[in-house]
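S.K.: sequence and predicted model, in that order:
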Amino acid sequence: SPDGDIAAEIAAAGESQATPWESDVIVLISAAVNEETGRRWCPDCTDADPVLFEAFEQWSSLNRTWITYEVPRAHMRDPERPLILHEAFERVTRVPTLVRVGASGPSTFLVEDECKTLEGVVAWLEPAQVSPSEAERAWPSAT
């Protein structure tokens, strides 16, 4: 949820792996469903949903971690962007956006149309291992 502490949630996800920060955490930032229409307010997110679902199904078999944030339209239009609760996410200005987060913070992004091809998303999701030294300078601790 956009009201949560994104840095703490990601830190907890990374630290809860069998070996802390053994692999990256993937964060999907997508449009929320409009309660009146029952559809996402962002057509790109609607188009990307089946691709992302399929890619995450394949990826989850590798025991990787991902977190999803569904963003109300007002949050993306607000110049203060209340979604962005950690300065490392200030680059997120469009949805859908996939963010690869390692122990030292966000490293790569996949944005809008890049989220619509299964081959591209699966290739981007390929696990990147985190070195022990990188894990030591990790996100703020979840504890």
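M.R.: Received, thanks. Numbering: from 1, shown residues only.

S.K.: so what does the helix or strand containing Pro50 touch, helix or strand wise?
M.R.: Element membership of Pro50, judged by DSSP states H and E, is helix 43-60. If contacts are counted by 3 or more Cβ pairs under 8 Å, 6 or more residues apart in numbering; DSSP states H and E, helix 43-60 sits against strand 25-31, strand 65-71, helix 118-125. In this view, the C-beta of every residue, glycine as well, is placed from N, C-alpha and C.

S.K.: go again using 6 Å as the cut-off
M.R.: helix 118-125 (3 or more Cβ pairs under 6 Å, 6 or more residues apart in numbering; DSSP states H and E).

S.K.: the helix it packs on vs helix 43-60, what angle?
M.R.: The directions of helix 118-125 and helix 43-60 differ by 60 degrees, with axes from the mean of the first three to the mean of the last three Cα atoms, to 10 degrees as the criterion.

S.K.: contacts for helix 118-125?
M.R.: For helix 118-125, the external contacting residues (Cβ atoms under 6 Å, 6 or more residues apart in numbering) are 51, 54-55, 59, 110.

S.K.: same thing but at 7 Å, please
M.R.: With Cβ atoms under 7 Å, 6 or more residues apart in numbering as the contact definition, helix 118-125 has outside contacts at 26, 51-52, 54-55, 58-59, 98, 110, 114-115.

S.K.: could I have the buried ones of the residues you listed as ChimeraX selection syntax?
M.R.: The ChimeraX selection below is limited to those of the contacts of helix 118-125 classed as buried (16 or more other Cβ atoms under 10 Å):
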select :26,51,52,55,59,98,110,115
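
S.K.: what's the farthest-apart pair in the contacts of helix 118-125?
M.R.: With distance counted by Cβ to Cβ, no two of the contacts of helix 118-125 lie farther apart than Gln58 and Glu114, which are 17.1 Å apart.
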